[in-house]
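*Asks:* Based on what follows, work out the 3D shape:
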Amino acid sequence: MRKGLAERVAGLRPSGIRKIFDLAATMDDVISLSLGEPDFDTPMPIIQAGIDALKRGETHYTANHGLLSLRQALSAHLNKLYGVEFIPGNEIVMTVGVSEALYLVFSAILNPGDEVIIPTPCFVSYQAETLLAGGEPVEVSTFVENEFNPRIENIEAAITPRTRIVFIGSPSNPTGAVYTRQFLEDVAELAEKHDLIVVSDEIYDRLVYGKKHICFASLPNMKERTIVLGGFSKSYAMTGWRIGFVAGPKRFIDGMVRIHQYSVMCAPTMSQYAALAALEIGEPFVQEMYAEYDRRRRLIVDGLNRIGLPTFEPKGAFYAFPDIRFTGLSDEDFCMRLLQEGRVAAVPGNSFGAAGEGFVRLSYATSYEKIEEALNRIEDFVRKLKA
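*Replies:* Purely as a prediction, here's the structure:
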């Protein structure tokens with residue numbers, strides 16, 4: 001066989017998250033703070049809605065866009081929370097999680113060589129999906145001194161004639177940063193000035209602490225040039241159901257649906273019925289989980305700072321991003337040794353872009369008691385490093 005993998009695939013960097021997780025799975029007595037997955041089970045009434053759908057025989061394809069009743073409920077939900085209205089019929093498509101949503105957006109919009117500006121550190125899929133669609137990711141570094149909010153002058157400096165998209169993810173995985181209204185308004189001004197599309201990953205929109213989430217499409221004049229990505233995995237503890245959405249202007253959604261119908265046909269039917277139940281009856285569960293995440297957030301941030309690992313206060317999601325540079329170890333060496341010697345799994349910061357070098361990501365989407373024990377182990381590990 002003369003040919004192997006396509007160059008765009010062969011050149012992809014393996015996920016640093018999975019590398020640590022897979023290694024930890026081979027070891028005993030490991031506390032994993034590596035995966036961004038809620039430790040809560042899906043609330044039982046939502047599970048029951050999926051079961052009931054199966055019992056009714058809802059085991060067939062839905063429309064490519066997804067159940068109309070789900071899209072109507074989602075449109076009302078977004079309008080109630082953020083004052084932005086997406087037309088259920090043609091401005092929303094239900095997807096197989098936000099992972100497929102990323103694939104659809106970049107595949108539908110990018111031509112070969114088009115550039116996507118991506119503030120980093122960021123979720124590992126952003127650059128990869130850009131490359132798979134034939135685009136070029138352009139990383140713009142953010143810094144802890146600015147609470148990992150991008151500087152608008154750095155975003156503008158990265159714009160070239162080939163720039164097509166400014167990508168934002170707020171709240172941020174891995175940093176927990178929540179972008180300020182001023183920054184978002186500055187991005188909106190740049191988008192109009194340079195005729196750019198803004199893609200906004202808002203999967204953690206319900207996990208914002210001490211302030212209100214701002215849906216980018218709700219900003220003045222932005223709905224027509226904004227694509228919003230969201231889903232049910234984080235807020236409703238529905239990771240395995242694989243149900244997300246894209247909301248945006250019809251001209252973009254039409255293109256995405258063409259790709260969607262040839263690749264997956266539709267999101268899983270029973271998952272769509274479960275998502276509908278989540279919107280209808282899930283709010284008390286969201287608030288319960290939110291309160292517990294907030295409790296864990298304060299525990300882990302206070303604990304890391306006490307240990308001597310400087311950690312800014314995350315304003316959203318469920319990640320802490322401590323600075324480990326004083327140890328003299330690279331973030332990869334720190335995480336590998338912490339796993340082997342301390343039996344705690346963390347993710348190297350450079351997995352999320354070069355700007356993450358010198359930091360590690362710790363997920364507090366696990367029990368309070370496990371976080372307490374993990375902090376004890378991290379403290380012992382750091383004390384030995386200092387000895």
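*Asks:* helices or strands up against the helix or strand of the chain with the lowest mean pLDDT?
*Replies:* Every helix and strand in the chain was compared by mean pLDDT, DSSP states H and E; the lowest is helix 16-24, with a mean of 75. Helices and strands touching helix 16-24, as assessed by 3 or more Cβ pairs under 8 Å, 6 or more residues apart in numbering; DSSP states H and E, comprise helix 331-342, strand 344-345, strand 347-348. The C-beta positions use only the backbone N, C-alpha and C, and glycine is treated the same way.
*Asks:* Past the longest helix belonging to the chain, which element shows up next along the chain?
*Replies:* Counting residues, the longest helix in the chain under DSSP state H turns out to be helix 283-307. Per DSSP states H and E, the first helix or strand lying C-terminal to helix 283-307 is strand 319-320.
*Asks:* Tell me which of the helices and strands packed on helix 16-24 lies nearest to F86.
*Replies:* Checking these against F86 by Cβ to Cβ gives strand 347-348 as the closest, at 33.5 Å.
*Asks:* Can you tell me which helices and strands that closest one packs against?
*Replies:* When contacts are defined as 3+ Cβ pairs under 8 Å, 6+ apart, strand 347-348 sits against helix 16-24, helix 331-342, strand 360-363.
*Asks:* Please name the strands paired to it in the sheet, noting orientation.
*Replies:* As defined by DSSP bridges, the strand partners of strand 347-348 come to strand 360-363 (antiparallel).
*Asks:* Would you quantify the distance from the nearest residue to W241 once chain neighbours are set aside to R242?
*Replies:* Of all residues not flanking W241 in the chain, S271 sits nearest, at 4.2 Å (Cβ to Cβ, 6 or more residues apart in numbering). The gap separating S271 from R242 is 6 Å, by Cβ to Cβ, to the nearest Å.
*Asks:* more neighbours, these two?
*Replies:* S271 (23 against 19; other Cβ atoms under 10 Å).
*Asks:* Where does that one sit: helix, strand or coil?
*Replies:* Following DSSP: H, G, I helix; E, B strand; the rest coil, we place S271 in the helix state.
*Asks:* Tell me who's in contact with it.
*Replies:* Residues in contact with S271 (Cβ atoms under 8 Å, 6 or more residues apart in numbering) are G50, M238, W241, R242, I243.
*Asks:* What segments of this structure are strands?
*Replies:* Using DSSP state E, the strands of the chain run over residues 31-32, 92-95, 115-120, 136-141, 163-169, 197-201, 226-231, 244-247, 319-320, 344-345, 347-348, 360-363.
*Asks:* before we move on, back to that, distance to M265 added to the contacts of S271, as a markdown table?
*Replies:* Below are those laid out as a markdown table (distance: Cβ to Cβ, whole Å):
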| residue | distance to M265 |
| --- | --- |
| G50 | 19 |
| M238 | 20 |
| W241 | 17 |
| R242 | 14 |
| I243 | 14 |
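*Asks:* Surely I259 touches V105?
*Replies:* No. If you go by Cβ atoms under 8 Å, I259 and V105 don't touch, sitting 9.7 Å apart.
*Asks:* So for those two, which sits in the more crowded spot?
*Replies:* More crowded of I259 and V105, by other Cβ under 10 Å: V105, with 29 against 16.
*Asks:* related to what we said a few turns ago, wait, which of the strands of the chain is closest to E379?
*Replies:* Closest approach to E379 among those is made by strand 344-345 (10.5 Å; Cβ to Cβ).
*Asks:* So in that sheet, which strands flank that closest one, and in what orientation?
*Replies:* Paired neighbours of strand 344-345 in the sheet (DSSP bridges): strand 31-32 (parallel).
*Asks:* who touches the strand it pairs with?
*Replies:* Surrounding strand 31-32, the residues in contact under the criterion Cβ under 8 Å, 6+ apart are F21, A24, R343, V344, A345, T366, K370, E373, A374, R377.
*Asks:* my guess is the first one meets S34, correct?
*Replies:* Yes. Under the contact definition of Cβ under 8 Å, F21 touches S34, with a separation of 5.1 Å.
*Asks:* Give the buried residues for the least confident helix or strand of the chain.
*Replies:* G16, I17, K19, I20, F21, L23, A24 (16 or more other Cβ atoms under 10 Å).
*Asks:* and of the residues you listed, the nearest to Y61?
*Replies:* Set against Y61, the nearest of the buried residues of helix 16-24 by Cβ to Cβ is I17 (32.2 Å).
*Asks:* Let me see the contact set for that closest one.
*Replies:* I17 touches S34, L35, G36, V124, V347, S351, counting by Cβ under 8 Å, 6+ apart.
*Asks:* Let's have those residues in TSV, adding distance to R361, neighbour count and pLDDT.
*Replies:* Putting these into TSV (distance: Cβ to Cβ, whole Å; neighbours: other Cβ atoms under 10 Å; pLDDT from 0 to 100) gives the following:
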residue	distance to R361	neighbour count	pLDDT
S34	8	27	91
L35	10	18	87
G36	8	21	90
V124	10	20	92
V347	4	31	96
S351	8	24	94
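*Asks:* Now do the domain split for the protein, please.
*Replies:* Using automatic domain parsing, the domain ranges for the chain come out as 7-42+284-386, 44-281.
*Asks:* This completes my enquiry, with thanks.
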